[in-house]
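J.: Show me how the following folds:
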Amino acid sequence: MFNFKKALHEQGIDFVGSFMYHLDANLVGGIKTGVLNQWLVDLGLLFHSEKILHYPGGELFINLEAHEGKNPSFFLTGDAMIFDGISAPNYVQFSEYWVKQSLGNFSVKFGRMLGTNDLCVILNAKFLLNNSYETPPTIQGFPAYPSAVPGAILTYDYQKILGLKLGIFNGEEAIYSLNEIYSFGLWRNFFENVFVMSEVEIHLNANQGRLVAGLNYNRSQIAISYDTYKKVGFSGYLIGEYNFYDRYRPFVQGSIGDPSSLIIPYFFGCGMQVDQFLPIRYENHLILGLASSFFSKDEAVNLGASGVEISLEASYRINYFKLALQPDIQYIIRPGGMGLKNALAFILNIDLDI
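T.: Numbering: from 1, shown residues only. Below is the predicted model of the structure:
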């Protein structure tokens, strides 16, 4: 496999792939105790125009994904933030297919894509498994796994200090992604359901720190009761992270949306990643996180949920060559905001880099 990937790279093609298996368990509280299994295969090819066509700055990416397994938040814990981030409907699809052109400090990406590689990114939370760190529930329609969506991302980087980003997407598809997958993306009614994300990113002290601020607007409709719909509207987010001694990596994030249209209009998260937590030869990390979602007080959209849901997460990840093992435990307070008993959830993540 190594020789195959090396040969492709020399021709201007990068192969990326992974197989991920999750054992999900609810040990206490929630809907019921029990165990479920999920797996995800992700294969991709990235073509570089400079080597293939002798034309600099161009990229083409295509990837195939397959997922199988039940969502443990729906069947075991009842939490709203989705404690296992690979939860999705069962599917096999070409998830992303996009082209990108870079010219100096500018770049533009167009096609069907995820926004999580470019927008609202928290580098120091990348190993936390609760879905809310990658996809804050206040940003409805955010193009995240499992639903890549049609759109474009424009980026401008100034001397690796300042980054300006603008994303334009179909804002409808990702709203329903936990229940339905559109294999080739929803291209219809693009401008009727347009979702605009704008972001400013500032790098501090030779990239040791980052400050990120984003403002979004989604025109697509969301159900606020069984027969009433309203535009998702505006949302925004703030992210701060800083790296101490190249080992300690704290972060903080907050986001806010329209409480008259969103069940969860406020979100706050924070945590810390510690690299080489154990003094051994293999790469390893300890990651701690707190995520909290505040339910709307507006009875028209409450749908029975109230107060706040909190996830306290502790995770340890060790890499052995191409294999990563990661036990993860989460204590979920008031799952779903609907009176369920606090849940104690466990995930065993086995991640193989192909």
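
J.: any idea of the pLDDT on N302?
T.: N302 is assigned a pLDDT of 53 by the prediction.

J.: who's in contact with Y266?
T.: Residues near Y266 by CB atoms under 8 Å, 6 or more residues apart in numbering: 138, 255-257, 259, 293-294. Placement of C-beta: from N, CA and C, glycine included.

J.: ditto for I122
T.: 133-134, 239, 241, 251, 253.

J.: Next, give me the two most distant ones among the residues you listed.
T.: Taking CB to CB, the two most distant members of those are E134 and E241; they sit 14.1 Å apart.

J.: When those two are compared, which one has more neighbours?
T.: More crowded of E134 and E241, by other CB atoms under 10 Å: E241, with 24 against 19.

J.: Surely that one and V252 touch.
T.: Yes. With contact defined as CB atoms under 8 Å, E241 counts as touching V252 (7.4 Å).

J.: was I right about N319 contacting E283?
T.: Yes. Taking CB under 8 Å as the definition, N319 is a contact partner of E283 at 4.3 Å.

J.: ok, back up a step: which of the contacts of I122 fall in strands?
T.: 239, 241, 251, 253 (DSSP state E).

J.: How about the first one: what's its closest non-neighbour residue?
T.: So that's I239. Nearest in space to I239, with sequence neighbours left out and distances taken as CB to CB, 6 or more residues apart in numbering, is V212 at 3.9 Å.

J.: element containing the one you found, please.
T.: strand 209-223 (DSSP states H and E).

J.: related to what we said a few turns ago, pLDDT-wise, what's the bottom of the contacts of Y266?
T.: Among the contacts of Y266, P259 has the weakest pLDDT, 90.

J.: And it, how far from F234?
T.: 11 Å (CB to CB, to the nearest Å).

J.: the more surrounded of those two?
T.: P259 (17 against 13).

J.: Need phi/psi at P265.
T.: Per-residue torsions, P265: phi -90, psi -10 (degrees, to the nearest 10).

J.: for it, what are its contacts?
T.: Per CB under 8 Å, 6+ apart, neighbours of P265: 138, 256-259, 294, 296.

J.: Flag every buried residue along the strand holding V212.
T.: Neighbour-count burial for strand 209-223, counted by 16 or more other CB atoms under 10 Å, picks out 210, 212, 214, 216-222.

J.: That strand pairs with which strands, parallel or anti?
T.: Paired with strand 209-223 in the same sheet, following DSSP bridges, are strand 194-204 (antiparallel), strand 229-242 (antiparallel).

J.: Is it possible to get a markdown table of the ones in strands among the contacts of I122 that adds distance to D157 and pLDDT?
T.: A markdown table is the format used below for these (distance: CB to CB, whole Å; pLDDT from 0 to 100):
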| residue | distance to D157 | pLDDT |
| --- | --- | --- |
| I239 | 17 | 98 |
| E241 | 18 | 98 |
| F251 | 21 | 98 |
| Q253 | 22 | 98 |
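
J.: of all the residues you listed, which comes closest to S87?
T.: Nearest to S87 among those, with distances taken as CB to CB, is Q253, at 20.6 Å.

J.: residues making contact with the top helix by length along the chain?
T.: Counting residues, the longest helix found in the chain (DSSP state H) is helix 2-10. For helix 2-10, contacts defined as CB under 8 Å, 6+ apart pick out 14-15.

J.: Return the distance of it from the chain's centre.
T.: What separates the centre of helix 2-10 from the centre of its chain is 29 Å, taken as CA atoms, centre = their mean, to the nearest Å.

J.: Spatially central residue for this protein, please.
T.: E134 (3.3 Å; CA atoms, centre = their mean).

J.: Once you drop chain neighbours, what's closest to that residue?
T.: Using CB to CB, 6+ apart, the closest residue to E134 is T116 (5.5 Å).

J.: what about K297, neighbour count?
T.: K297 has 11 nearby residues by other CB under 10 Å.

J.: list the contacts for it?
T.: So K297 contacts 259, 306 (CB under 8 Å, 6+ apart).

J.: which sections of the stretch 101-250 of the chain are below the confidence cut-off?
T.: Across the stretch 101-250 of the chain, residues meeting the criterion (pLDDT under 70) sit at 186, 225-226.

J.: dump the residue contacts of the residue nearest to I202 when sequence neighbours are not counted.
T.: Closest residue to I202 in three dimensions, ignoring its sequence neighbours and counting by CB to CB, 6+ apart: L211, at 4.6 Å. Residues near L211 by CB under 8 Å, 6+ apart: 201-202, 204, 238-240.
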